[in-house]
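In: predicted structure and sequence below. I'll ask about it afterward.
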Amino acid sequence: MTEYFQDRSEIFESERILKESYTPNDLPEREEQLKRLGLEVLSPVLNDAPPHNAFLYGKPGQGKTAAARFLLEELQEEVDERSGINLTTIFQTCKGHHSSYQVACDLVEQLTGDNPNGHPKRKVFARLYDALQEIGGIVVIVLDEVDNIGNKDMILYELPRARDNSHIEDMDVSVIGISNDMTFYEELDPRAKDSLCEVEIHFPPYDADQLRSILNRRSEKAFVDSAVTQEAIALAAALAAQDLGSARQAIRYLYKAGEFAALNDEPQVCEEHVRKAEDHVEQMNIAQSIRDLTIQDQLALLALTSLATGNETPAPTPEVYSRYTDITSHVDTNSIAMRRVRSHLHDLDMIGVVSGAKRSGGSRGGPKYYWELNTDLDTTVNVLTEENRFNDVLSLIDRP
DNA sequence: TCTCCACAGGAAATTGGGGGTT
DNA sequence: AACCCCCAATTTCCTGTGGAGA
């Protein structure tokens, strides 16, 4: 083997198991939710009746999608053993979609092969219903990350009511919505809530003990025997529990820790590796969320970063704005109004990259916001300067 | 105490672009 | 080519807030 590659088999038995795409086939920590989903929602199918509509919610990495996938597969197997029931399940992630229109287009594409984007809304839905009619029987549509499409949206009550509104005949459509966002449910249109949320199942964050047993189960398959210390697993579980209580996060820590151990040619993953992994993963998360920002968001962040390097934060909005206009005059972009920059700053606050504090009473009274970076300055600078045209802006302005 | 000013932020209108049809 | 639909970002317009200074 050349020096370019490394044999990681000392540490990893099967890395695949640690990847995001891996769906576990048992979820003992979600026994309660699985039971409810099975008994209260899906059971009618075995009697050739449509399942109830359901809404699964909880923070990311709580096994919502895994639970839905797992149980629908089980259900399909059950159904296959009996004759006379025609069940189809459709998984559709709403990630990156901001409206039911796009989701409907994607569904049509998934079912028929071509995307009706551009056609009037009514036509798109008509084609969706046609496609569903074509399938017939019982169709379960799982809309993952529905919170993406906004809560005033019609698809959420259109689909569950398709039959009532005579869009389809002699068949049934049920919808299982999955949401990461707790507030989404509360703000949902009452009509949508009514039809979609016949059964609501909450997925509370895992605690450290649960995360530890999840990690144990995963690492038994993924790592070579005794390549991971119990202390390392306990630490990864504890760190993730403190933060988001997300299994995805905990697994990411452990995977990265394993990679660090492998890189250093160490035979065992220990606490030290987990700590390094946590730090690394967090930096990567921040970096990625900055990369995903729009140009104007990045420019607003750049303005604040520039103020931060000169120790001028927290800074009130007008100061950030004036730094912003300084920057845009050096960079090949158009500058936008303060009103807009203000809302960009709020957006950045929502993501957690900056934080704004409202204080009343500046020199002139009235409410006033003071902004500061909420992330590591070096990481922020590094990521922002990845963008070529931002490259020397910071030094041009006031880099010490 | 009253008025004014600088900022906050909601709402509506505008812009521009990507997809399409006829 | 002229036109339609949908969407996101932005601008424009406007009202609300509350201490400073008259």
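Out: Noted; the coordinates are in hand.
In: quick check: A:Thr313 vs DNA strand B, distance?
Out: Using CB to the nearest atom of the strand, to the nearest Å, A:Thr313 is found at 14 Å from DNA strand B. C-betas here are computed from N, CA, C, even on glycine.
In: meant to ask about A:Asp164, not that
Out: 30 Å.
In: that residue: what secondary structure?
Out: coil (DSSP: H, G, I helix; E, B strand; the rest coil).
In: what about stretch A:286-303, near DNA strand C?
Out: Yes: Stretch A:286-303 comes into contact with DNA strand C (CB under 7 Å from any atom of the strand), by way of A:294, A:296.
In: ok, that stretch near DNA strand B or not?
Out: No: Stretch A:286-303 lies apart from DNA strand B when judged by CB under 7 Å from any atom of the strand; the minimum separation is 12.7 Å.
In: span of that stretch from start to end?
Out: Chord length of stretch A:286-303, first to last residue, is 18 Å (CA to CA, to the nearest Å).
In: repeat that for stretch A:304-323.
Out: By CA to CA, the extent of stretch A:304-323 from end to end equals 8 Å.
In: do stretch A:45-65 as well
Out: 20 Å.
In: now do the buried residues in that stretch.
Out: Residues A:45, A:50-65 are the ones in stretch A:45-65 that count as buried (16 or more other CB atoms under 10 Å).
In: what is the mean pLDDT for that stretch?
Out: On average, the pLDDT along stretch A:45-65 is 91.
In: so where is the stretch 51-200 of chain A shaky, pLDDT-wise?
Out: Applying pLDDT under 70 to the stretch 51-200 of chain A flags the ranges A:96-99, A:114-118, A:120, A:150-154, A:182-183, A:186-191.
In: all strands for it, in order.
Out: In the stretch 51-200 of chain A, the strands defined using DSSP state E, counting those that start in this stretch lie at A:54-57, A:87-93, A:137-144, A:171-179, A:199-202.
In: so which of those is nearest DNA strand B?
Out: strand A:87-93 (19.3 Å; CB to the nearest atom of the strand).
In: report the inter-axis angle for the closest one versus strand A:137-144.
Out: Interaxial angle, strand A:87-93 versus strand A:137-144 (axes from the mean of the first three to the mean of the last three CA atoms, to 10 degrees): 20 degrees.
In: centre of the chain to strand A:87-93, how far?
Out: How far strand A:87-93 lies from its chain's middle: 19 Å, per CA atoms, centre = their mean, to the nearest Å.
In: mind putting the strands of the stretch 51-200 of chain A into JSON lines with distance to A:Val224?
Out: Below are those laid out as JSON lines (distance: least, CB to CB, whole Å):
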{"stretch": "strand A:54-57", "distance to A:Val224": "35"}
{"stretch": "strand A:87-93", "distance to A:Val224": "33"}
{"stretch": "strand A:137-144", "distance to A:Val224": "34"}
{"stretch": "strand A:171-179", "distance to A:Val224": "35"}
{"stretch": "strand A:199-202", "distance to A:Val224": "37"}
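In: make TSV from these and add distance to DNA strand B to it.
Out: Converted to TSV, these look like this (distance: least, CB to the nearest atom of the strand, whole Å):
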stretch	distance to DNA strand B
strand A:54-57	25
strand A:87-93	19
strand A:137-144	22
strand A:171-179	23
strand A:199-202	28
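In: closest to A:Leu34 out of these?
Out: strand A:199-202 (9.3 Å; CB to CB).
In: list the buried residues in the closest one.
Out: Of all the residues in strand A:199-202, those buried under the rule 16+ other CB under 10 Å are A:199, A:201.
In: what does it contact?
Out: For strand A:199-202, the surrounding residues in contact (CB atoms under 8 Å, 6 or more residues apart in numbering) are A:33, A:36-37, A:40-41, A:52-58, A:185.
In: ok, and for the next helix or strand after it, which residues are buried?
Out: As assigned by DSSP states H and E, the chain's next helix or strand after strand A:199-202 is helix A:208-222. For helix A:208-222, a neighbour-count test (16+ other CB under 10 Å) marks A:208, A:210-212, A:214-215, A:217-219, A:222 as buried.
In: now do stretch A:161-172
Out: Taking 16+ other CB under 10 Å as the criterion, stretch A:161-172 shows A:161-163, A:167-168, A:171-172 as buried.
In: nearest to A:Glu77 among those?
Out: Taking those together and measuring to A:Glu77 by CB to CB, the closest member is A:Asp172, at 20.2 Å.
In: phi and psi next, for A:Arg161.
Out: Backbone geometry at A:Arg161, expressed as degrees, to the nearest 10, gives phi -100, psi 10.
In: how close does the closest residue to it other than its chain neighbours sit to DNA strand C?
Out: Nearest residue to A:Arg161 in three dimensions, chain neighbours excluded: A:Ser195, at 5.5 Å (CB to CB, 6 or more residues apart in numbering). The spacing between A:Ser195 and DNA strand C, counted by CB to the nearest atom of the strand, is 20 Å.
In: same thing with A:Lys221?
Out: A:Lys221 is 40 Å from DNA strand C, by CB to the nearest atom of the strand.
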